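K.L.:
Build me a structure from this.
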Amino acid sequence: MSAPHLTVSSTRLADLLHPWNTTTSISGRTGPAYRTLADRIRALVLDGRIPLTARLPAERGLADRLGISRTTVAAAYELLRTDGYLASRRGSGSWTTLPGSHTEIPSLGLSPSTTTGVIDLGVAALPGPGHALHRAVADAVESLPTYTTGHGYLPGGLPVLRDTLAQRYTRRGVPTTPDQILVTPGALAAVTLVMRTLAGPGDRVAVESPTYANVLDAIRQAGNRVVPVPMTETGWDADTWRDTLRTAAPRLAYLIPDFQNPTGHLADAAIRTTLVDLARNTGTTLIVDETCQDLALDIDPADRPLPTAAFDRTNNVVTIGSTSKTFWGGLRIGWVRTTPDLVRRIAATRASFDVGAPVLDQLVTHHLITDHEDAILDTRLPALRTARAALAGALAEHLPTWSFTMPVGGLSLWVRTDNTSSLTLTETAARHGVRIAAGTRFGTDGAFEHHVRLPYAHDPATLVEAIRRLAAAVGETQRTRTTAYSGYSNATCLA
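P.N.:
This is a model prediction of the structure:
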């Protein structure tokens, strides 16, 4: 088993467990508090909200944070260890794992990887781009002394990166100046800062349904109310959005028009124009997440619609960008593109969260964009097409009743599982050595139970093996359900 690479603080785990109830579990069953806590933590691991090999907080710290006894936390951890979801080592603490995962977890990426351990399909992200990343880091380190003479706190971001990002938007058809850019530690931080600046507790935020799971968590934690707007099989329905914005009057709307996560849909120019006009008429600010916009697989660059901000004439669109999908999730750099005035307001808001993104990471991002971006995409996009085809072919062979619409870009397939509950399947799949994210993570109020998001950010051989294991897990789930139903029917007849 690989060593823990991330520590989840007691505060963070308490936030993920919120609202905390000591008697009711995820399934709604009542029982001992320690079992409820173990149930909730196991669900966070299976859903991908706590990564594998993440170190959990110490028992005393978590107990204090949740307002429960240390004995309760200790018993919950022990139950997780017994069930195979937690491993411990004296002096190293306890970290998350999956049943049977006693070998190294395969590296997430498009290079060949072992399939003897757990295959993680819970995360849609790529590995670092090898030599290009190493070269960019070396160049960043070489230029770092220029910046170490100052204090390093730059609420708006490093000037050279803000200028690079502004030029990048201008080349894409959206004239931008550096004072319209604010750099953040990742896209989620950018979205959270915008929401905290423009909306208060109780305000409504409209979202696509399904949508990016972590943003749903961020909206709830900010005390805002989620207003889901259903996606269709082909994307965005203008009439549904019109009705929602007029009747619910949300303060904000969060959209992913470029290879939507998780569906992979791409919004055309017509729907972008319509959504911008609707938002202007209803006083709704659009937060447009372009994290996946570089990952176009089946569309010619000349046929790509302009960025959504290009259709905005009243400064009603706030654009979010990130390095996490194009380059590497470990490079924690995101950004906001908006008006200079709103940049200043967001910079004031961030003072209570952080005082700026890491200078070295910003320098690395600058060099990746200016020196390596085209070469990285020229390598990655063909590999992703091959991986996507392998995943689709494996589904057709091993799970032919499952269905999906082939996305034109992005990193994942949004798959309907026929009549298999993804909530049940996550735990069964873990026993078969594959980790998936239940569809309910991407919706509200239990929606999408019969969906799963399956990323193709692995090499083809690993993806084929993952689907083979997943099919075995589906078979076990169906046999268990059939047995349970048969026993219930017999009991009813005997009664």
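K.L.:
rest of the way, CA atoms for contacts and neighbours
P.N.:
OK.
K.L.:
What residues does the nearest residue to Thr170 once chain neighbours are set aside make contact with?
P.N.:
Counting by Cα to Cα, 6 or more residues apart in numbering, Thr176 is the residue found nearest to Thr170 once chain neighbours are left out, at 5.6 Å. By Cα atoms under 8 Å, 6 or more residues apart in numbering, the contact list for Thr176 reads 166-167, 169-170.
K.L.:
10 Å - rerun?
P.N.:
163, 165-170, 337-339 (Cα atoms under 10 Å, 6 or more residues apart in numbering).
K.L.:
does the closest residue to Gln167 other than its chain neighbours belong to a helix or a strand, and which?
P.N.:
By the measure of Cα to Cα, 6+ apart, the closest residue to Gln167 outside its immediate chain neighbours is Thr176, 6.9 Å from it. Using DSSP states H and E, Thr176 falls within no helix or strand.
K.L.:
Surely Pro175 and Leu306 touch.
P.N.:
No. No contact is recorded between Pro175 and Leu306 when judged using Cα atoms under 10 Å, the distance being 11.9 Å.
K.L.:
Give me the neighbour count for Ala87.
P.N.:
The local packing of Ala87 (other Cα atoms under 10 Å) involves 21 other residues.
K.L.:
how about the helix or strand hosting it: buried residues?
P.N.:
Per DSSP H and E, Ala87 falls inside strand 86-89. Neighbour-count burial for strand 86-89 flags 86-87 (criterion: 16 or more other Cα atoms under 10 Å).
K.L.:
What mean pLDDT does it get?
P.N.:
Per-residue confidence for strand 86-89 averages out to 84 on the pLDDT scale.
K.L.:
elements contacting the helix or strand following it?
P.N.:
Reading on from strand 86-89 to the C-terminus, the next helix or strand found by DSSP H and E is strand 93-96. Using 3 or more Cα pairs under 10 Å, 6 or more residues apart in numbering; DSSP states H and E as the contact definition, the elements that strand 93-96 packs against are strand 6-7, helix 33-47, strand 54-55, helix 70-83, strand 86-89.
K.L.:
let's see it at 6 Å
P.N.:
strand 54-55, strand 86-89 (3 or more Cα pairs under 6 Å, 6 or more residues apart in numbering; DSSP states H and E).
K.L.:
Show me how far it is from its chain's centre.
P.N.:
Distance of strand 93-96 from its chain centroid, counting by Cα atoms, centre = their mean, to the nearest Å, is 23 Å.
K.L.:
Let's see it as CSV, backbone CA atoms only.
P.N.:
Output of strand 93-96 as CSV, limited to C-alpha atoms (Å, rounded to 0.1, in the frame of the first residue of the first chain):
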residue,chain,number,x,y,z
GLY,A,93,-1.8,7.5,11.6
SER,A,94,-4.7,6.0,9.7
TRP,A,95,-5.4,6.5,6.0
THR,A,96,-8.1,5.5,3.6
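K.L.:
contacting residues around that strand?
P.N.:
Residues external to strand 93-96 that are found in contact with it (Cα atoms under 6 Å, 6 or more residues apart in numbering): 52-56, 85-88.
K.L.:
What of stretch 269-276?
P.N.:
With contact meaning Cα under 6 Å, 6+ apart, stretch 269-276 is reached by 305, 308, 311.
K.L.:
Can you tell me how far the first one is from Asp268?
P.N.:
From Pro305 over to Asp268 the distance is 6 Å, taken as Cα to Cα, to the nearest Å.
K.L.:
One more: Ile181?
P.N.:
Distance of Ile181 to Asp268, given as Cα to Cα: 25 Å.
K.L.:
now do Pro250
P.N.:
Summarising the geometry, the distance separating Pro250 from Asp268, computed by Cα to Cα, is 23 Å.
K.L.:
Which one's more surrounded, the two?
P.N.:
Comparing Pro250 with Asp268 by other Cα under 10 Å, the one with more neighbours is Pro250, at 23 against 18.
K.L.:
what about the more buried one, which SS state?
P.N.:
Per DSSP: H, G, I helix; E, B strand; the rest coil, the local secondary structure of Pro250 is coil.
K.L.:
Quick one: residues contacting it.
P.N.:
Under the criterion of Cα under 6 Å, 6+ apart, the contact list for Pro250 reads 204-205.
K.L.:
one more time with 7 Å
P.N.:
For Pro250, the contacting residues are 203-206, 284, taking Cα atoms under 7 Å, 6 or more residues apart in numbering as the criterion.
K.L.:
buried set for stretch 439-447?
P.N.:
By 16+ other Cα under 10 Å, the buried positions in stretch 439-447 come out as 439-444.
K.L.:
quick one: terminal-to-terminal distance for that stretch?
P.N.:
Terminal residues of stretch 439-447 lie 8 Å apart, using Cα to Cα.
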